[in-house]
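A.B. asks: sequence and predicted structure, then a few things I'm wondering about:
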Amino acid sequence: MTAEPSFTQVAARRTLAKDPLPPQETPKKKKEYPPSLLDYVTRAFSEFNKRKDEPAFSGILDADIRAALSKVIMEVDDSPIIYERDWKAFPLPHQILLEARQQAALFSRQQEMLTNPEPTASLQNPLYATNTDPTASLQNPLYATGAGTRKRKSPDQNGSESHGRAVTPPWKKKNTMAKLTLADRVTGAAGKSKNQDKKRKETTNTSWFDTSSDALERRRQRFGQISSDDISPISSPRIDVSSHDAHAGPIIGTCQTLEKNYFRLTAPPIPSSVRPVPVLEKTLALIIDKWRTDKDYTYVCDQLKSLRQDLTVQRIKTAFTIKVYEVHARIALQMKDLGEYNQCQTQLRALYKMRLGENGGSGGEEDEFLAYRILYLIYTRNRVDMNNMLAELTPADKNGPFVQLALQVRKALASGNYHKFFQLYNDSHDTGMVPYLMDMFVARERLAALAAMGKAYKPDVNSEFVARELAFHIDSPADSVFDNATLQACLAFICQNNGENLLQEKDGSTRFLTGKAGNILENAKRAAFGMTDIKGQI
């Protein structure tokens, strides 16, 4: 008999035993993207931030840019195209979105032409009545957009009037912008669902126009004999040329005439009256030569305005456009024509921001015209704009020689250092158009300096010292001998400001009686600083 154990044998517990570790996955190697693609991503956001406030990009958000950028990269992420593509020339995301928006708008207009034909457009408008075929409005989109007696609403034109007014796209409406998706903003799909029922009703009720071949043939026989001569111009509706050409795009000029007078446009321009860029380049060279020889500002200004107009109607924005505006601005400053100068300066500010030059440069003399704007704000004494501009200056802007000179002028005037100011005035006579701008406010600063001298020098001071200090002797300021003309210019300036009694001959020289000049010079200074003729304010 076998003895049984006094305990029940059980298997050992293995809960504390360590499970074998799963095989470790090989870490994925971080994918390296080409530097050109990384630069493309940087430019995508920087360029969009520069232009996001333009009306064309209204409704496009940073999230849309990120989505479009992600789509562009994902399409080529696993293919060799990502390394072969020229990312410098590839369209940026905001350009892709803008093109998609334009194509969607064009498709919408084409759909409108097909679904809402105007049977009487070619008969009631003499501009389109030359084609006697009543189906022309169906076959040619150019004539399908003619102005009939009644304009029909398209699905994208909810709430628009029938007076040819521009319709606000859905992506520009404030109350719906936040609710629209990217697809809605690009295609203009918002508002379509609201008009679906109305559209169906109009489709079922507009049985007055049968597009079948038999109906079109009957219409051709009925109206085939009508020509443009049979239509009275009195009963014809007004031709809205502006709405017709709104989507036609820029024209390309064919005129070869170098000189052309400026006329304000009252109708859309025709190519035969507009000069192309090669002709405009020759025109600019001719204008510059004539300005140097004849100095006829009336003629030169008229020719430059005509040149600018040809650039505008062709929508040309290049470095050549910047050069044209810079030349006109310099000539206007020489003639003290602030109206034309400010028009050019305003356009130049916008063109510089577009970075039309090589390697992202301004495309022109941005440093020079930035300094001119600072000096112009000194002339107008516009402190608010001056403070805003100083806050916008970058370290690179402040390193420019023109801007450095302008900032030194501003600092000297702000601190009341007239001695430094007139030194800068002397040193700037070969610095572009700076002397012409400073000439506009140097007279009032001379009065301010005379008022300060009246308090600092008692009882009188030599008039030659005054002439030197106020920079009347510009040609050779270091010369110790004053010519009579320079001294007489200083004395005449004092006399013109009620200072006849402040000059006295003493010890063989003319003395300026500063002890008696207090109220006289203060009143003259107050009057000078109260008269600033601002034309064409920026």
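C.D. replies: Cool, the structure landed.
A.B. asks: what residues does residue 372 make contact with?
C.D. replies: If you count contacts by Cβ atoms under 8 Å, 6 or more residues apart in numbering, residue 372 has them with 329, 333, 345, 402, 406, 432-434, 437. Heads up, the C-betas are built off the backbone N, CA and C, glycines and all.
A.B. asks: pull out the buried residues from these.
C.D. replies: 329, 333, 345, 402, 406, 432-434, 437 (16 or more other Cβ atoms under 10 Å).
A.B. asks: need those in CSV with distance to residue 308, can you?
C.D. replies: CSV is the format used below for those (distance: Cβ to Cβ, whole Å):
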residue, distance to residue 308
329, 11
333, 16
345, 13
402, 24
406, 26
432, 21
433, 19
434, 24
437, 22
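A.B. asks: show me which pair in the contacts of residue 372 is furthest apart.
C.D. replies: Using Cβ to Cβ, the contacts of residue 372 span at most 15.4 Å, a distance reached by 329 and 406.
A.B. asks: outline the domain layout of the protein.
C.D. replies: The chain breaks down by automatic domain parsing into domains covering 271-421, 442-529.
A.B. asks: which of the ones you listed comes out lowest on mean pLDDT?
C.D. replies: Mean pLDDT is lowest for domain 442-529 out of those, coming in at a mean of 82.
A.B. asks: in helices only, show me the buried ones among the contacts of residue 372.
C.D. replies: 329, 333, 345, 402, 406, 434, 437 (DSSP state H).
A.B. asks: setting aside sequence neighbours, what's the nearest residue to the fourth one?
C.D. replies: Excluding the flanking residues, the one nearest residue 402 by Cβ to Cβ, 6 or more residues apart in numbering is residue 371, at 3.6 Å.
A.B. asks: now the element after the strand or helix carrying that neighbour, going C-ward?
C.D. replies: For residue 371, the host element (DSSP states H and E) is helix 366-380. Next along the chain after helix 366-380, taking DSSP H and E as the criterion, comes helix 383-392.
A.B. asks: that next one packs against which elements?
C.D. replies: helix 366-380 (3 or more Cβ pairs under 8 Å, 6 or more residues apart in numbering; DSSP states H and E).
A.B. asks: quick one: the helix it packs on to helix 383-392, angle?
C.D. replies: Put simply, helix 366-380 runs at 150 degrees to helix 383-392, going by axes from the mean of the first three to the mean of the last three Cα atoms, to 10 degrees.
A.B. asks: next one: phi and psi at residue 503?
C.D. replies: When read as degrees, to the nearest 10, the backbone of residue 503 gives phi -110, psi 140.
A.B. asks: contacting residues for it?
C.D. replies: 463, 491, 494-495, 510-513.
A.B. asks: just residue 516 next, same as before
C.D. replies: Contacts of residue 516 (Cβ under 8 Å, 6+ apart): 501-502.
A.B. asks: report the separation between it and residue 489.
C.D. replies: Between residue 516 and residue 489 the distance, using Cβ to Cβ, to the nearest Å, works out to 22 Å.
A.B. asks: for residue 391, same thing?
C.D. replies: 40 Å.
A.B. asks: between these two, which is the more surrounded one?
C.D. replies: residue 489 (14 against 7; other Cβ atoms under 10 Å).
A.B. asks: pull out the buried positions in the host helix or strand of that one.
C.D. replies: Residue 489 belongs to helix 484-496 when assigned by DSSP H and E. Across helix 484-496, burial judged by 16+ other Cβ under 10 Å covers 486-487, 490-491, 493-494.
A.B. asks: again, but for stretch 448-455
C.D. replies: 448-454.
A.B. asks: before we move on, what about stretch 310-321?
C.D. replies: Buried, per 16+ other Cβ under 10 Å, within stretch 310-321: 310-311, 313-314, 316-317, 320-321.
A.B. asks: in these, find the pair that's most separated.
C.D. replies: Counting by Cβ to Cβ, the most remote pair of those is 313 and 320, 15.2 Å apart.
A.B. asks: what are the ranges of the strands in the protein?
C.D. replies: Counting by DSSP state E, the chain has strands at residues 461-462, 503-506, 509-512.
A.B. asks: redo these as a markdown table? Include distance to residue 268.
C.D. replies: What follows is the strands of the chain, written out as a markdown table (distance: least, Cβ to Cβ, whole Å):
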| stretch | distance to residue 268 |
| --- | --- |
| strand 461-462 | 67 |
| strand 503-506 | 65 |
| strand 509-512 | 64 |
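A.B. asks: tell me the most buried of those?
C.D. replies: strand 509-512 (a mean of 18; mean count of other Cβ atoms under 10 Å).
A.B. asks: neighbouring strands for that one, and are they parallel or not?
C.D. replies: strand 461-462 (antiparallel), strand 503-506 (antiparallel) (DSSP bridges).
A.B. asks: run a quick neighbour tally on residue 253.
C.D. replies: 22.
A.B. asks: oops, could you answer that again for residue 303 instead?
C.D. replies: Residues near residue 303, counting by other Cβ under 10 Å: 23.
A.B. asks: how about it: what's its closest non-neighbour residue?
C.D. replies: Using Cβ to Cβ, 6+ apart, the nearest residue to residue 303 is residue 287, at 5.1 Å.
A.B. asks: so who does the one you found touch?
C.D. replies: Per Cβ under 8 Å, 6+ apart, neighbours of residue 287: 300, 303-304, 307, 327.
A.B. asks: same thing with residue 409?
C.D. replies: Applying Cβ under 8 Å, 6+ apart, the residues contacting residue 409 are 374-375, 378, 421, 424, 438.
A.B. asks: quickly note the distance from residue 488 to residue 467.
C.D. replies: Residue 488 is 9 Å from residue 467, by Cβ to Cβ.
A.B. asks: equivalent analysis for residue 416, please.
C.D. replies: Taking Cβ to Cβ, one finds residue 416 at 21 Å from residue 467.
A.B. asks: these two: which is more packed in?
C.D. replies: A count of neighbours by other Cβ under 10 Å puts residue 467 above the other of residue 416 and residue 467, at 22 against 12.
A.B. asks: please name the nearest non-neighbouring residue to the more buried one.
C.D. replies: residue 490 (3.7 Å).
A.B. asks: ok so, going back, of all pairs in the contacts of residue 503, which one is the farthest apart?
C.D. replies: Going by Cβ to Cβ, the pair spanning the contacts of residue 503 furthest: 495 and 511, at 14.4 Å.
A.B. asks: the closest residue to residue 251 other than its chain neighbours: how many residues sit nearby?
C.D. replies: Leaving aside its sequence neighbours, residue 251 sits nearest to residue 271 (Cβ to Cβ, 6+ apart; 5.2 Å). Residue 271: 14 surrounding residues under other Cβ under 10 Å.
A.B. asks: for residue 271, what are its contacts?
C.D. replies: So residue 271 contacts 251-255 (Cβ under 8 Å, 6+ apart).
A.B. asks: do the same with residue 307
C.D. replies: Residue 307 neighbours (Cβ under 8 Å, 6+ apart): 275, 280, 283-284, 287, 324.
A.B. asks: JSON lines for these, including distance to residue 48?
C.D. replies: Converted to JSON lines, these look like this (distance: Cβ to Cβ, whole Å):
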{"residue": "275", "distance to residue 48": "34"}
{"residue": "280", "distance to residue 48": "31"}
{"residue": "283", "distance to residue 48": "36"}
{"residue": "284", "distance to residue 48": "33"}
{"residue": "287", "distance to residue 48": "37"}
{"residue": "324", "distance to residue 48": "28"}
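A.B. asks: which ones among those lie within helices?
C.D. replies: 280, 283-284, 287, 324.
A.B. asks: show me which of those are buried.
C.D. replies: Of these, these count as buried by 16+ other Cβ under 10 Å: 280, 283-284, 287, 324.
A.B. asks: mind putting these into a markdown table with distance to residue 54?
C.D. replies: Listed next are those as a markdown table, based on distance: Cβ to Cβ, whole Å:
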| residue | distance to residue 54 |
| --- | --- |
| 280 | 25 |
| 283 | 30 |
| 284 | 28 |
| 287 | 31 |
| 324 | 22 |
